[in-house]
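Novice: I'd like to go over a predicted model; first the sequence, then the structure.
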Amino acid sequence: MTESISKSEEYGSSPVVSEAAVTSALRSVVDPELGADIVELGMYRGFSFDSDVLVVEVALTTAACPLRSQISRDVTERLGGLPGIGRVQVKTTEMSPEEKRRLMNRARARAAANPTHTHIPDRTRVLAISSGKGGVGKSSVTVNLAAGLAARGLTVGLLDADIAGFSVPRMLGMQGELAARRSESDGKILIQPLTKAVGTGELRVVSMGFLSPEDESVMWRGLMLNRAVQHFLEEVDWGDLDYLLVDMPPGTGDIQMGLARMLPRAEMVIVTTPALAAQKVAARAADMARKGYLRVAGVVENMSGFVCSHGDLYELFGSGGGERLAAEIGSHLLARIPIEPAVSAGGDSGKPAALLAGTASDAFEVLVEAVLALEPVTEMSSCSARILDTVRNALAAKA
Ligand SMILES: Nc1ncnc2c1ncn2[C@@H]1O[C@H](COP(=O)(O)OP(=O)(O)O)[C@@H](O)[C@H]1O
Ligand SMILES: [Mg+2]
């Protein structure tokens, strides 16, 4: 695969250019998705001359990389500007799985070395509850998991990152306005989360739903969505948290990438339904992994059938989706939450089903246990690349 952009100058023999000059120019070519330059990421592979044409080799994570032409164009532009260089040709190749693994390592290390300054303690486990699609129950899973963890006496932060479609305040029956106060620890003025006691534990919640209409308009005027989440991460006085759960907006867009960059230690809990076509879900999960390079802590299957009052199970939305997805992305199923009116009723009344008796409550209890039993976070740097490969293999097998 080659793409070349010619410049009009003609040269009689091969020009001379140093490796240092080429690498230095290429350090300004940044892979926007990985947030690092192509030299640092090991994508630049070297150059040669074909008479007067400077041929540059660039390895991409996938031959079908949507950024291929952008990267080629940037490379051509940067190198074409070097003294004595006439024409530039970019030769793209595809990385081997091992090379991809190394690339993801570098990207993660880089993100970890430049994190956003937050007031989230290092010991806090950060879980971003995500899915490729809206309406699968992310918010319901988030608030019930948060309530279940708090009921164990833990302090749980809950960041409602669904800026445009927030539902956490209603689901927890919380109202009020966020106030700012000078923090005792560093004297900065910080936003105080609203709190709710659950047993001996506590929820600390931040949501767009807690901004006054004036604050809200300031946010909308001045800040992009991603900035709002950054605001919540940087300027909230979370205090000492055992867990921080992030209720993600639907989709796999900017907020996911932003979170990956701002909080590289965050892990995703992917919510799915039993029915979503495995291939579609796998592709979305791959997309999230590729864009966000966040580790996946596990999968939750929601709406996993309905248990009627006689105890019979009706699998209204099919079955097996959670297990299939977990297998395809090399993760595991944390829990299966049945469809139960108490979940939606609890969402409307602000009383999470996890805190009441019932089959959904039992299932959320399984989820709480599974989350408490997660292995401590270690540098699982190969994870995203492994996910990518697994997904790609699964897709190839289906094709
Ligand atoms: N297990 C469940 N049983 C019954 N209703 C559910 C369940 N999970 C979610 N719901 C309902 O489905 C709708 C969408 O759930 P929600 O948590 O808002 O999804 P998301 O945050 O992914 O958009 C809500 O009305 C919610 O009450
Ligand atoms: Mg939601």
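Specialist: Arrived safely, thanks for sending. Numbers count the residues shown, from 1 in each chain. Ligands and ions are numbered 1, 2, ... in the order given.
Novice: Surely Leu334 is in contact with Ala370?
Specialist: Yes: with contact defined as CB atoms under 8 Å, Leu334 counts as touching Ala370 (4.0 Å). In short, each C-beta sits where N, CA and C put it, glycine included.
Novice: Please compare these two by neighbour count and tell me which comes out ahead.
Specialist: Under the criterion of other CB atoms under 10 Å, the comparison of Leu334 against Ala370 puts Leu334 first, with 26 against 18.
Novice: where do the helices sit along the stretch 251-399 of the chain?
Specialist: Per DSSP state H, counting those that start in this stretch, the stretch 251-399 of the chain carries helices over the ranges 254-262, 278-292, 321-328, 341-349, 359-372, 383-398.
Novice: Render the CA-only coordinates of the third one in PDB, please.
Specialist: Once non-C-alpha atoms are left out, helix 321-328 reads as follows in PDB (Å, rounded to 0.1, in the frame of the first residue of the first chain):
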ATOM      1  CA  GLY A 321     -25.000 -12.800  25.100                       C
ATOM      2  CA  GLY A 322     -23.100 -12.000  28.200                       C
ATOM      3  CA  GLU A 323     -21.000 -15.200  28.200                       C
ATOM      4  CA  ARG A 324     -20.500 -14.900  24.500                       C
ATOM      5  CA  LEU A 325     -19.200 -11.400  24.700                       C
ATOM      6  CA  ALA A 326     -17.000 -12.200  27.700                       C
ATOM      7  CA  ALA A 327     -15.400 -15.100  25.800                       C
ATOM      8  CA  GLU A 328     -14.900 -13.100  22.700                       C
END
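Novice: name the helices or strands packed onto it?
Specialist: Of the remaining helices and strands, those touching helix 321-328 by 3 or more CB pairs under 8 Å, 6 or more residues apart in numbering; DSSP states H and E are strand 267-272, helix 278-292, strand 295-307, strand 333-339, helix 383-398.
Novice: what's the neighbour count on the residue of the stretch 1-150 of the chain found nearest ligand 2?
Specialist: Ligand 2 sits closest to Ser139 of the stretch 1-150 of the chain, with a gap of 3.3 Å, by CB to the ion. By other CB under 10 Å, 25 other residues sit near Ser139.
Novice: Residue numbers of this protein in contact with ligand 1?
Specialist: Contacts of the chain with ligand 1, taken as CB under 6 Å from any ligand atom, map to 131, 134-140, 167, 302-303, 337, 339-340, 343-344, 347, 360.
Novice: please redo it, this time with the cut-off set to 5 Å
Specialist: 134-140, 337, 339-340, 343-344, 347 (CB under 5 Å from any ligand atom).
Novice: How is this structure divided into domains?
Specialist: 2-95, 113-398 (automatic domain parsing).
Novice: if you compare those domains, which one is most tucked away?
Specialist: domain 113-398 (a mean of 19; mean count of other CB atoms under 10 Å).
Novice: all strands for the stretch 51-200 of the chain, in order.
Specialist: In the stretch 51-200 of the chain, the strands defined using DSSP state E, counting those that start in this stretch lie at 53-60, 87-94, 125-130, 155-160, 179-182, 189-192, 194-198.
Novice: So in that sheet, which strands flank the third one, and in what orientation?
Specialist: Meaning strand 125-130. Using DSSP bridges, the strands paired with strand 125-130 are strand 243-247 (parallel), strand 267-272 (parallel).
Novice: Kindly export that strand (C-alpha atoms) in PDB.
Specialist: As requested, the backbone C-alpha atoms of strand 125-130 are provided in PDB (Å, rounded to 0.1, in the frame of the first residue of the first chain):
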ATOM      1  CA  ARG A 125     -10.800   1.400  42.100                       C
ATOM      2  CA  VAL A 126     -12.300   3.200  39.200                       C
ATOM      3  CA  LEU A 127     -14.900   1.300  37.100                       C
ATOM      4  CA  ALA A 128     -16.500   2.800  34.000                       C
ATOM      5  CA  ILE A 129     -19.900   1.200  33.300                       C
ATOM      6  CA  SER A 130     -20.100   1.200  29.500                       C
END
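Novice: anything in that strand near ligand 2?
Specialist: No: using CB under 5 Å from the ion, strand 125-130 never reaches ligand 2; the gap is at least 8.8 Å.
Novice: what angle separates that strand from helix 254-262?
Specialist: 160 degrees (axes from the mean of the first three to the mean of the last three CA atoms, to 10 degrees).
Novice: same question, the first one
Specialist: Between strand 53-60 and helix 254-262, the angle formed by their directions is 100 degrees, by the same axes, to 10 degrees.
Novice: Skipping its backbone neighbours, what lies nearest Asp157 in space?
Specialist: One thing to correct before we go on: residue 157 is Gly, not Asp. Nearest residue to Gly157, sequence neighbours excluded (CB to CB, 6 or more residues apart in numbering): Leu244, at 4.0 Å.
Novice: any idea how far His119 is from that neighbour?
Specialist: According to CB to CB, to the nearest Å, Leu244 stands 11 Å off from His119.
Novice: so what's Ala180 up against?
Specialist: Going by CB atoms under 8 Å, 6 or more residues apart in numbering, Ala180 touches 189-192.
Novice: what's the closest of those residues to Ile163?
Specialist: Using CB to CB, Ile191 comes nearest to Ile163 of those, at 14.7 Å.
Novice: Surely the closest one and Glu235 touch.
Specialist: Yes: counting by CB under 8 Å, Ile191 does reach Glu235; the two are 5.3 Å apart.
Novice: Quick check: bridge partners of the one residue in the stretch 201-350 of the chain that gets nearest to ligand 2?
Specialist: Nearest residue of the stretch 201-350 of the chain to ligand 2, counting by CB to the ion: Asp247, 5.9 Å away. Asp247 has these beta-bridge partners by DSSP bridges: Ile129, Asp160.
Novice: before we move on, back to that, quick one: closest of the strands of the stretch 51-200 of the chain to Val29.
Specialist: Of the strands of the stretch 51-200 of the chain, nearest to Val29 by CB to CB is strand 53-60, at 8.7 Å.
Novice: packing partners for the closest one?
Specialist: So strand 53-60, by 3+ CB pairs under 8 Å, 6+ apart, packs with strand 44-50, helix 68-80, strand 87-94.
Novice: average pLDDT for the longest one?
Specialist: Spelled out, that is helix 68-80. pLDDT averaged over helix 68-80 equals 89, rounded to a whole number.
Novice: can you list the strands paired with strand 125-130 in TSV and add mean pLDDT?
Specialist: What follows is the strands paired with strand 125-130, written out as TSV (pLDDT from 0 to 100):
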stretch	mean pLDDT
strand 243-247	97
strand 267-272	90
